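>>> what follows is a predicted protein model with its sequence.
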Amino acid sequence: MEEKKNFYKVIEEICVHDSRYHPDAYEFVMQALHFTQTKLKKDTHVTGKELLEGIKGFVIQQYGVMAKTVLSHWGITSTLDFGTIVFIMVNAGLLAKTETDCLDDFKDVYDFEAEFGNILKGQVIKGI
């Protein structure tokens with residue numbers, strides 16, 4: 001329980017100094033990381049691309065047709081925003097990275113409109 005309290009305290013401090021993203025966005029990324037690790041049967045590191053694919057599946061599972069709206073409310077409009085959140089958490093000591101991980105790993109991996117706009121059109125989305 002203490003670990004969870006520390007997480008929320010750190011996120012609160014981050015948001016005081018950097019209000020680009022809603023605090024729920026950070027918790028969502030952590031949940032999506034665990035979702036991705038479970039799907040990939042990995043206990044440790046996942047790549048930026050793997051995480052983004054997991055995030056895509058998780059956000060659709062959690063929010064369905066509201067996915068794009070929820071992400072936008074949190075300040076997330078591109079895959080790079082997810083990378084920024086990850087690296088903010090890395091800098092805060094909440095996540096770790098390898099020497100080869102970089103913010104560019106999250107740049108333009110998929111288009112939000114193409115992925116999340118299709119939900120509204122009733123098209124099937126490929127998940128992780």
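Yep, it's here. Numbers count the residues shown, from 1 in each chain.

>>> what's the spacing between Val70 and Phe28?
Separation of Val70 from Phe28 (Cβ to Cβ, to the nearest Å): 9 Å. C-beta: built from backbone N, CA, C; applies to glycine.

>>> what's the overlap in contacts for these two?
Val59 (Cβ atoms under 8 Å, 6 or more residues apart in numbering).

>>> the more surrounded of those two?
Just comparing Val70 and Phe28: by other Cβ atoms under 10 Å the higher neighbour count belongs to Phe28, 24 against 18.

>>> quick one: the more buried one and Trp74 touch, right?
Yes - counting by Cβ atoms under 8 Å, Phe28 does reach Trp74; the two are 7.3 Å apart.

>>> in three-state terms, label Tyr8 for me.
helix (DSSP: H, G, I helix; E, B strand; the rest coil).

>>> same question, Asp101
Strictly by three-state DSSP, Asp101 counts as coil.

>>> next one: it from Val90, what distance?
Taking Cβ to Cβ, one finds Asp101 at 8 Å from Val90.

>>> the two: which is more packed in?
Set side by side, Asp101 and Val90 show more neighbours around Asp101, with 18 against 14, by other Cβ under 10 Å.

>>> list the residues that contact the more buried one.
Thr47, Gly48.

>>> lowest mean pLDDT among the helices and strands, pick that one out for the chain.
Of all the helices and strands that make up the chain, helix 112-120 has the lowest average by mean pLDDT, DSSP states H and E, namely a mean of 77.

>>> okay, now the unreliable bits of the chain?
Along the chain, segments meeting pLDDT under 70 span 1-5, 118-128.

>>> kindly recompute the last result at 90.
Scanning the chain for pLDDT under 90 picks out the ranges 1-5, 44, 65, 112-128.

>>> wait, isn't Val70 in contact with Ile60?
No - using Cβ under 8 Å, Val70 is not in contact with Ile60, being 10.8 Å away.

>>> does the residue positioned nearest the centre of the chain belong to a helix or a strand, and which?
Nearest residue to the geometric centre of the chain (Cα atoms, centre = their mean): Val29, 3.5 Å. Val29 belongs to helix 23-40 when assigned by DSSP states H and E.
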